[in-house]
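>>> From the sequence below, what's the structure:
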Amino acid sequence: MKVDSQNKILDFLTKNKNLVLIVILIFAFYLRFKYLNINTAIWWDEGEYLSIAKEWTYGINYDVPSVRQPLVPFLISILYRIGISSLAIIKFFVVLIPSVASVLLTYLLGKEIYNKNVGLISSFIMSVFWVALFWSSRVSTDLMGLSFSLLAFWAFWKGYEKKINPKLYLSIVGIVLALGFTTRVGNVLAILILGTYLVLTVRLNLFKEKPIMYLVLSSVIAVIPYLIWNQLTFGNIFAFWGLYFGTVSHATSTSAPFFWGFFNFFKLYLFNTFFIFFILGLLLFYKVLLGFDIVLKRGDKKLLADFFVLLMIIIPTIYFVFIQRQVTTEPRWAMIMAPAIFFTVANGLLFLQKQIVKYLEEFEYKKILSLIVIVIIVLFGGFSEINHADNLIQSKKDSYLPLKFAGEWIKENSNNEDIVFSSAVPQNSYYSERRTITVHGAEEKFNKDIAELKPKFLEITPLEGYPEWAWDWPARHQDLVKPVRVYFIDEAQTQPILIVYQFIDYPNQESNTIANVDAGVKEGN
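Have a look, this model is predicted:
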């Protein structure tokens, strides 16, 4: 009777795994919705996406940088055009929905490559993953880019490895890869993962296979509009290349020869509980090494699955450690490998479950006990993720708030044609909707620029970078500017964090000297 009860419970869970998935998705939605509107001000990257969207919709005189991919700003501009300007609603559509979709797609990919149990465990970890939770509260391209990558991997496995309607699924892969690339340049890693997998397992037969041509052709067709836009906007179909990879090239010249710190990301993603089972899961990949010749001959589907998951981890690792090498690399940039890490954790947990059943053979409740142990471990690890995400989100929610106050004040106290000089260009452009020019370069250039452009306001704040000469420039030119708004970092209002100055005069455009307002004053009087 006791055994029957155990079997009934296990049978119910086996037959209702879709119900478990629904619970995970609802939980994922709840966590993301909870933090949707918690932040009081936007950050630099958010300001760029939002300002580009406003430029395309309202024309706020914002210079669109070629380094920013257009899909997310384009989607935001559509929302603006239909009358949706609420930042919370914008984030709901372009961040929260893709973030929840990444949880679902993690399940679908894990189920296709391995089984439903791996899919459920890994999707739960994705639902509480602190990096995803943190960036779900801000306007970013990372979660949408991750969703496109996962959709491409899932469709690839369905269409190519399982031979289910290859024409349809591989066409989806091509389209989604193109959309992912127009979301963020970092999505090129998805292309590299799939490309490496195909080159190593198919080799010379790669382009002889008709399904692959569907992938290539659909991808080219989908990316053509983006390349045309690049040509029309920047005069170069590959305008993103020089600036984006030029930035990386410049960064690598001043960074470490190899970014070994990247390996800390694995524990940073997982914390202690999940990290232990990640190591265990990695050890289970030994069969890929021992049977690598079988992998290359495509002789074992399980080994091919393990190999693909390993590539999802190895390719980003090689890129960030040996190619980009930036010590300032952020955990979100490598999120494409997170699902594979979670699959590995899930495999480690399921291995433990099998060992419990194996070594407690005489115990009649061994199966239910093993399930309870796994659930407890997963919940405990999930709590660590949620707790870290909450602490981080709460600590950052009011950062850059003075920029919001200043930008909104400038909007209320200026005309559309007025110009602002500030190093917080994206944020001020978004809040003030005024042309904003960065403060950079030599002081002589700055004096020449303000003499020519005659801006209305100058914003000085340590929240963004300024040249050294800029900090005391207002004090040295009190005949040119006067402070009109001061924002403080402390309640006692003794530590100013941002000052808005209004121009009352300008340097002489030819000599960069102060233009004398009183023409009747003679030299020497």
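>>> Any buried residues in the longest helix anywhere in the chain, and which?
Longest helix in the chain by number of residues (criterion: DSSP state H): helix 366-396. Buried residues in helix 366-396, counting neighbours by 16 or more other Cβ atoms under 10 Å, are found at 366-371, 374, 377-378, 381-382, 384-386, 388-390, 393, 396. Every residue, glycine included, has its C-beta placed from N, CA and C.
>>> average pLDDT for that helix?
Helix 366-396 carries an average pLDDT of 96.
>>> what does the domain assignment say about this structure?
Domains of the chain are assigned by automatic domain parsing as 2-396, 401-503.
>>> Report how far apart the opening and closing residues of the shortest one are.
By Cα to Cα, to the nearest Å, the extent of domain 401-503 from end to end equals 24 Å.
>>> and that domain, how far from the chain's centre?
29 Å (Cα atoms, centre = their mean, to the nearest Å).
>>> tell me the mean pLDDT over it?
The pLDDT scores in domain 401-503 average 97.
>>> returning to that earlier point: where among the domains of the chain is average confidence lowest?
domain 2-396 (a mean of 92).
>>> how about the most centrally placed residue in the chain, what does it touch?
Taking Cα atoms, centre = their mean, the centroid of the chain lies closest to residue 142, which sits 2.3 Å from it. Residues near residue 142 by Cβ atoms under 8 Å, 6 or more residues apart in numbering: 135, 184, 332-333, 335.
>>> SS state for residue 485?
strand (DSSP: H, G, I helix; E, B strand; the rest coil).
>>> re earlier: relative to residue 300, how far out is the residue nearest to the centre of the chain?
For residue 142, the distance to residue 300 (Cβ to Cβ, to the nearest Å) stands at 34 Å.
>>> Now do the helices in the stretch 101-250 of the chain.
116-128, 130-135, 142-156, 166-183, 188-201, 210-234, 239-253 (DSSP state H, counting those that start in this stretch).
>>> ranking the contacts of residue 142 by neighbours, who comes first?
Counting neighbours by other Cβ atoms under 10 Å, residue 335 comes out on top of those with 26 neighbours.
>>> any idea how far residue 400 is from residue 172?
In terms of Cβ to Cβ, residue 400 sits 39 Å off from residue 172.
>>> Then residue 494?
Where residue 172 is concerned, residue 494 sits at a distance of 59 Å (Cβ to Cβ).
>>> Same drill for the two, tell me which one is more crowded.
Taking neighbours as other Cβ under 10 Å, residue 494 and residue 172 compare with residue 172 leading, 21 against 8.
>>> Correct me if wrong: the more buried one contacts residue 153.
No - judged on Cβ atoms under 8 Å, residue 172 makes no contact with residue 153 at a distance of 11.2 Å.
>>> Alpha carbons only: can I get stretch 387-399 in CSV?
Presented in CSV, the C-alpha positions along stretch 387-399 are these (Å, rounded to 0.1, in the frame of the first residue of the first chain):
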residue,chain,number,x,y,z
ASN,A,387,18.4,36.7,-2.5
HIS,A,388,21.4,38.0,-4.5
ALA,A,389,19.2,39.5,-7.2
ASP,A,390,17.0,41.3,-4.7
ASN,A,391,20.0,42.8,-2.8
LEU,A,392,21.6,43.9,-6.0
ILE,A,393,18.4,45.4,-7.5
GLN,A,394,17.6,47.2,-4.2
SER,A,395,21.1,48.7,-3.9
LYS,A,396,21.0,50.0,-7.5
LYS,A,397,17.4,51.2,-7.9
ASP,A,398,18.1,54.8,-7.1
SER,A,399,21.4,55.2,-8.8
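>>> the inter-axis angle of the helix or strand hosting residue 5 versus helix 366-396?
For residue 5, the element it lies in under DSSP states H and E is helix 2-15. Angle of helix 2-15 versus helix 366-396, following axes from the mean of the first three to the mean of the last three Cα atoms, to 10 degrees, is 50 degrees.
>>> by contact count, what packs against helix 2-15?
helix 366-396 (3 or more Cβ pairs under 8 Å, 6 or more residues apart in numbering; DSSP states H and E).
>>> And whichever helix or strand comes after the helix it packs on, what's buried?
Next helix or strand after helix 366-396 toward the C-terminus (DSSP H and E): helix 401-412. By 16+ other Cβ under 10 Å, the buried positions in helix 401-412 come out as 401-407, 409-411.
>>> nearest to residue 465, of those?
Nearest to residue 465 among the buried residues of helix 401-412 is residue 403, at 13.5 Å by Cβ to Cβ.
>>> Tell me the spacing between the closest residue to the closest one other than its chain neighbours and residue 294.
Spatial nearest neighbour of residue 403, chain neighbours left out: residue 427 (4.5 Å); criterion: Cβ to Cβ, 6 or more residues apart in numbering. Separation of residue 427 from residue 294 (Cβ to Cβ): 54 Å.
>>> Nearest residue to residue 312 in space, please, no chain neighbours.
residue 340 (3.5 Å).
>>> Secondary structure element for the one you found, which one?
Per DSSP H and E: helix 338-359 holds residue 340.
>>> Return the list of helices and strands in contact with that helix.
Packed next to helix 338-359, using 3+ Cβ pairs under 8 Å, 6+ apart, are helix 97-113, helix 116-128, helix 264-283, helix 301-318, helix 366-396.
>>> if you set the cut-off to 6 Å instead, what comes out?
helix 116-128, helix 264-283, helix 301-318, helix 366-396 (3 or more Cβ pairs under 6 Å, 6 or more residues apart in numbering; DSSP states H and E).
>>> nearest to residue 73, of these?
Residue 73 sits nearest to helix 366-396 of all the helices and strands packed on helix 338-359, at 22.9 Å, using Cβ to Cβ.
>>> relative to helix 338-359, how tilted is that closest one?
Going by the same axes, to 10 degrees, helix 366-396 makes 150 degrees with helix 338-359.
>>> starting at the chain centroid, how far to helix 366-396?
For helix 366-396, the distance to the chain centre is 23 Å (Cα atoms, centre = their mean).
>>> next one: stretch 323-339
10 Å.
>>> Need the distance between the two termini of it.
22 Å.
>>> would residue 83 count as being in a strand?
No - secondary structure of residue 83 (three-state DSSP): coil, not part of a strand.
>>> Any figure for the gap between residue 209 and residue 89?
Distance, residue 209 to residue 89, using Cβ to Cβ: 44 Å.
>>> before we move on, what about residue 301?
44 Å.
>>> same thing with residue 169?
Distance of residue 169 to residue 89, computed by Cβ to Cβ: 33 Å.
>>> Count the neighbours of residue 217 for me.
So residue 217, with other Cβ under 10 Å, has 13 neighbours.
>>> Can you verify residue 505 is assigned to a strand?
No - assessed with three-state DSSP, residue 505 is coil; it does not lie in a strand.
>>> ok, it to residue 109 distance?
For residue 505, the distance to residue 109 - Cβ to Cβ - is 63 Å.
>>> What strand or helix carries the residue nearest to residue 506 when sequence neighbours are not counted?
Nearest residue to residue 506 in three dimensions, chain neighbours excluded: residue 451, at 5.1 Å (Cβ to Cβ, 6+ apart). Using DSSP H and E, residue 451 falls within helix 443-453.
>>> other SSEs contacting that helix?
If contacts are counted by 3+ Cβ pairs under 6 Å, 6+ apart, helix 443-453 sits against no helix or strand.
>>> moving C-terminal of it, what's the next helix or strand?
strand 457-460.
>>> other SSEs contacting that following strand?
strand 496-503.
>>> Please enumerate residues in contact with the strand it packs on?
Strand 496-503 is contacted by residues 402, 406, 457-461, 474, 481-489 when judged by Cβ atoms under 6 Å, 6 or more residues apart in numbering.
>>> run the last query once more with 7 Å
402-403, 406, 409-410, 455-463, 474, 480-489 (Cβ atoms under 7 Å, 6 or more residues apart in numbering).
>>> Kindly confirm my reading that residue 39 is in a strand.
No - Residue 39: not assigned to a strand; according to three-state DSSP it is coil.
>>> Return the residues in contact with it.
Applying Cβ under 7 Å, 6+ apart to residue 39 gives the contacts 137-138, 397.
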